[in-house]
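K.L.:
mind looking at a prediction? Sequence and model below.
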Amino acid sequence: DGGITQSPKYLFRKEGQNVTLSCEQNLNHDAMYWYRQDPGQGLRLIYYSQIVNDFQKGDIAEGYSVSREKKESFPLTVTSAQKNPTAFYLCASSIELAGGYGDTQYFGPGTRLTVL
Amino acid sequence: AQSVTQLGSHVSVSEGALVLLRCNYSSSVPPYLFWYVQYPNQGLQLLLKYTTGATLVKGINGFEAEFKKSETSFHLTKPSAHMSDAAEYFCAVSDGPAGGSYIPTFGRGTSLIVHP
């Protein structure tokens, strides 16, 4: 079955540590996205990538980094510079950039990150 | 730049009653509009979307939405609520290529509560 996988489902981090969240898709989609979800705030865009080896900052990129070395993979690193990283993180993909072409975004099941 | 407002962070209905979730948007050009649903601790799933053509859009699980340009609205409805409809619902808007926006903007979400 085609889809998006995120791992781990739950992640605990100590203050000062960097952690990497995994996102893999086998839908052959060009565009991938990372969102942060906090209660009552909807989805906020962290980074997006339109194509391999290219990515753009979203609205809240500070304290995060990404890479796009393979079409299927778009890992997100939460660095120690992110002051309030406890949140639910969602990865998504679409054939092309969803807003430009009306493409559906397909979401992974999410990773819940908690800072101890 | 586009924006979206979802009126009511929580909507409560009885099973069998009409469901109405409100979404208003602002966009300088004809928008692309989306409704997504999120079940607890899961990713988002597309319910329906409007890009062009017929303004009444039918989606999955009996939901539908109507694009009303004069009211800048895209409200989501379902004639008869089912217990399984209890979830978080997100409206999203994009300007599309005409507006130079390639990433949808999401609303803050509306939690639908269904009472037996």
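P.N.:
Received, thanks. This structure is a prediction, so every number in the text was calculated from the model and none was measured.
K.L.:
who does the worst-scoring helix or strand of chain A on mean pLDDT touch, helix- and strand-wise?
P.N.:
Of all helical and strand segments in chain A, the minimum by mean pLDDT, DSSP states H and E falls on helix A:98-101, at a mean of 72. Counting contacts by 3 or more C-beta pairs under 8 Å, 6 or more residues apart in numbering or on different chains; DSSP states H and E, helix A:98-101 is packed against strand B:87-94. No exception for glycine: its C-beta is placed from N, CA and C like everyone else's.
K.L.:
what does the strand it packs on contact?
P.N.:
Strand B:87-94 has contacts (C-beta atoms under 8 Å, 6 or more residues apart in numbering or on different chains) with A:42-43, A:98-100, A:102, B:2-4, B:6, B:21, B:23, B:25, B:27, B:31-40, B:44, B:47, B:74, B:76, B:101-107, B:109-112.
K.L.:
just how off-centre is that strand within its chain?
P.N.:
Here the centre of strand B:87-94 is set off from its chain's centre by 5 Å, with C-alpha atoms, centre = their mean, to the nearest Å.
K.L.:
pLDDT averaged over that strand - what is it?
P.N.:
Regarding strand B:87-94, the rounded mean pLDDT is 95.
K.L.:
and stretch A:59-72, by the same measure?
P.N.:
Stretch A:59-72 comes out at a mean pLDDT of 96.
K.L.:
ok so, going back, can you show me the CA trace of the least confident helix or strand of chain A as CSV?
P.N.:
The C-alpha trace of helix A:98-101 is given here as CSV (Å, rounded to 0.1, in the frame of the first residue of the first chain):
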residue,chain,number,x,y,z
ALA,A,98,-0.6,21.6,-3.2
GLY,A,99,-1.6,25.2,-3.1
GLY,A,100,-0.4,25.9,-6.7
TYR,A,101,-2.3,23.1,-8.3
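K.L.:
which parts of the chain are strands?
P.N.:
You didn't say which chain, so I picked chain A. With strands called from DSSP state E, chain A shows them at A:4-7, A:10-13, A:19-25, A:31-37, A:43-51, A:54-57, A:64-66, A:76-78, A:87-94, A:106-107, A:111-115.
K.L.:
wrong one, chain B
P.N.:
In chain B, the strands defined using DSSP E lie at B:3-7, B:10-14, B:19-26, B:32-38, B:44-50, B:56-58, B:64-68, B:73-78, B:87-94, B:105-106, B:110-115.
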